[in-house]
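Undergrad: after the sequence you'll find the predicted model.
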Amino acid sequence: MKNKAQNCIHCNLCTKNCDFLKKYNMDLEGFSKIEDLAYHCFLCGKCKAVCPKDIDGKEIALSMRKEKVKNNSNVIMDKDYNMLLKEKNPYIFANYKNSNKKSVLFPGCNFVSLFPKTGKVLIDQLKKYDIGVIFDCCQKPIEELGLEDDANKNLQSLRNKIKEESIEEIIVVCPNCYYFLNEKLDIKIITIYEKLKELNLGQSIKEETLPIYYPCPDREEKLFFNTIKPFLEGKIENSFKDTQCCGLGGCASSKESEISTKFAKSVSLAGEDRLFTYCASCVGNFKRKGFSNSYHILPLVLNVKEEVPLGMKSLINRAMFKFRK
């Protein structure tokens, strides 16, 4: 991808549509030559969406990150990521006590952090249909830091467990997990909304209009969102198309806190008083930055009311599921 950046025609569409590129006054070819900014990119994919040459800044950043890690004996010497690495490489809150089923729920890291009550309701409902649960990290954050070998090693443990327990289907809640694991695992991956529809569980969300925020990984193809549509009754509005990212993409917020905050607050400029999405991290960050009427679709489908914790409570919630029997 770094070589592909040489095809850049310098139309500056990427720069105009990306606050990160705009800040440093560069296009994608320029970015490909500045490895010191590899961890400043939010990996949102907005540049690729507008590039007439199909150059992807996300892939440029990932390529540079992997190269930096490789040149540094496969480690990251950056204190900004110490907590993330300590928690997720490997995932210290992993729990496989109820994984011995043909079909298992994979909630991911952040959904049960921010929506523990909904998580418990979901797990208990699926248990009635002999569906188990795995608490683990999909390893996308680790691979996106450039630690490809570590991510593969941790994923191999997941693959071994899948084989050992004869698991045939993984049900994901998070769009990041959905796209990432579909590329990494040779097993059927479906969304929770597909499974709820199959089991005739959940209720429709009845609203005159539904202002939807599409998370970065699903923005182009909307494969994940298409499985949610049967639960939505109302006019779907793409109201937040000018919001580049929720502010958490690519682990870049520690490097570009000002841009990250601008992204998260930009949803308030869309003229909507509510926001519906299907990524827990997005909901958490929008609420954290002041857009309180941000709603995750899954609790609404399951008719569960709960407040989203925005402080250390989310970490405690994550840890709590490690000990769930």
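TA: Great, that's in hand.

Undergrad: count the neighbours of the residue nearest to Asn317 when sequence neighbours are not counted for me.
TA: Spatially, and ignoring its direct neighbours in sequence, Asn317 is nearest to Pro116 (4.5 Å; Cβ to Cβ, 6 or more residues apart in numbering). From N, CA and C alone the C-beta is placed, and that goes for glycine too. For Pro116, the neighbour count with other Cβ atoms under 10 Å is 19.

Undergrad: and if you look at Asn7?
TA: If we define neighbours as other Cβ under 10 Å, then Asn7 has 13 of them.

Undergrad: same deal with Leu126?
TA: Using other Cβ under 10 Å, Leu126 is surrounded by 22 other residues.

Undergrad: so it makes contact with Gly119?
TA: No - the pair Leu126 / Gly119 is not scored as a contact, 10.8 Å apart, by Cβ atoms under 8 Å.

Undergrad: on that earlier part again, surely the residue nearest to Asn317 meets Ala319?
TA: No - applying Cβ under 8 Å, one finds Pro116 not in contact with Ala319, separated by 10.7 Å.

Undergrad: would you map the strands across the stretch 151-300 of the chain?
TA: Remark: strands assigned in the stretch 151-300 of the chain by DSSP state E, counting those that start in this stretch are 169-172, 188-191, 205-211, 232-237, 275-277, 294-296.

Undergrad: please tell me how far the residue nearest to Asn317 sits from Pro230.
TA: Using Cβ to Cβ, to the nearest Å, Pro116 is found at 26 Å from Pro230.

Undergrad: got it, and Val301?
TA: With Cβ to Cβ as the criterion, Val301 and Pro230 are 10 Å apart.

Undergrad: Phe240 touches Leu269, doesn't it?
TA: No - here Phe240 does not reach Leu269: they are 9.3 Å apart, not a contact under Cβ under 8 Å.

Undergrad: the two: which has the busier surroundings?
TA: Neighbours per residue, other Cβ under 10 Å: of Phe240 and Leu269, the larger number sits with Phe240, 22 against 10.

Undergrad: give me the neighbour count for the closest residue in space to that one that isn't next to it in sequence.
TA: In space, and not counting its chain neighbours, Phe240 is closest to Tyr213: 4.5 Å by Cβ to Cβ, 6+ apart. For Tyr213, the count of nearby residues is 25 (other Cβ under 10 Å).

Undergrad: kindly report the same for Ile55.
TA: Neighbours around Ile55, by other Cβ under 10 Å: 24.
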